[in-house]
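Colleague: Curious how this folds, go ahead:
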Amino acid sequence: MRPILLGMLFVALATPAVAQQPAQAPGVLEQVYACATVGEEAARLRCYDDAVGRLRAAQTSGELVAVDRGQVQQIERESFGFSLPSLPRIFQRTETPGAEPERTESLTAQVSGVRQRNTGIYVITLANGQVWEQTDQLPPRRLRAGDTVEIRRATFGSYLLHYDRGPAVRVRRIE
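Modeller: All right, here's what the predicted structure looks like:
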């Protein structure tokens, strides 16, 4: 009975440590990296040829998707304002230990439309396709299509829309 309890305790204590480890490179990528350890030149070349063939097949089939830093930054800009907690895990980056991960703090865009709902809440559409709505009681006075706005992260996960002709308005992204 004791060995079973000890085993269960070990699994329970080890599980959080395993869950917190960074994601490993996919198997086909690890196979390419493993070829660097092959000592003999001809064998190393065969290893690379085989591994790259499997890597290409995985990418062609959609099993593996390669995304460069520019694409990651574009996705982060386009998703600005949405709560996507898994996004940093998908685009695992090597950060300096102890440093905060890089994230988009603000967005500057042109307004393509402003409308008021029956409830009195304003909805602001940006030229990039994003749609934001007012979340506080202060209406965005004199805000109109063609204006340039800046939306910044604020406290407690909120966002503030800043523009030249009025006070900042608290907003949230809806599209």
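Colleague: all contacts plus neighbour counts: C-alpha atoms, from now on.
Modeller: Will do.
Colleague: secondary structure element for the closest residue in space to Thr135 that isn't next to it in sequence?
Modeller: Excluding its sequence neighbours, the residue lying closest to Thr135 (Cα to Cα, 6 or more residues apart in numbering) is Val171, at 5.1 Å. Taking DSSP states H and E as the definition, Val171 sits inside strand 166-173.
Colleague: by contact count, what packs against that strand?
Modeller: Packing partners of strand 166-173 (3 or more Cα pairs under 8 Å, 6 or more residues apart in numbering; DSSP states H and E): strand 131-134, strand 159-163.
Colleague: Asp49: which of those strands is closest?
Modeller: strand 131-134 (48.0 Å; Cα to Cα).
Colleague: Specify the helix with the largest residue count in the protein.
Modeller: Counting by DSSP state H, the longest helix found in the chain is helix 41-61.
Colleague: Check which element follows it along the chain.
Modeller: Next helix or strand after helix 41-61 toward the C-terminus (DSSP H and E): helix 69-78.
Colleague: The closest residue to Pro140 other than its chain neighbours: what's it in contact with?
Modeller: Nearest non-adjacent residue to Pro140, counting by Cα to Cα, 6+ apart: Val169, 6.3 Å away. By Cα atoms under 8 Å, 6 or more residues apart in numbering, the contact list for Val169 reads 134-136, 138-140, 160-162.
Colleague: Out of those residues, which comes closest to Val28?
Modeller: Distances from Val28 to the contacts of Val169, taken by Cα to Cα, are shortest for Leu160, at 43.9 Å.
Colleague: burial of the residue nearest to the closest one when sequence neighbours are not counted, as a residue count?
Modeller: Of all residues not flanking Leu160 in the chain, Arg170 sits nearest, at 4.5 Å (Cα to Cα, 6+ apart). Neighbour count of Arg170, defined by other Cα atoms under 10 Å: 23.
Colleague: contacting residues for Arg170?
Modeller: Going by Cα under 8 Å, 6+ apart, the list of residues near Arg170 reads 134-136, 158-161.
Colleague: Return the closest of those with respect to Arg77.
Modeller: Of all the contacts of Arg170, Arg77 sits closest to Tyr159, with 14.3 Å by Cα to Cα.
Colleague: Report the separation between that closest one and Glu175.
Modeller: To Glu175, Tyr159 is 14 Å away according to Cα to Cα, to the nearest Å.
Colleague: Compare the two (neighbour count), which wins?
Modeller: For Tyr159 versus Glu175, neighbours defined as other Cα under 10 Å are more numerous around Tyr159 (23 against 12).
Colleague: isn't the more buried one right up against Arg172?
Modeller: Yes. Contact criterion Cα atoms under 8 Å: Tyr159 and Arg172 qualify, at 6.3 Å.
Colleague: between these two, what contacts are shared?
Modeller: The contact sets of Tyr159 and Arg172 overlap at Gly81 (Cα under 8 Å, 6+ apart).
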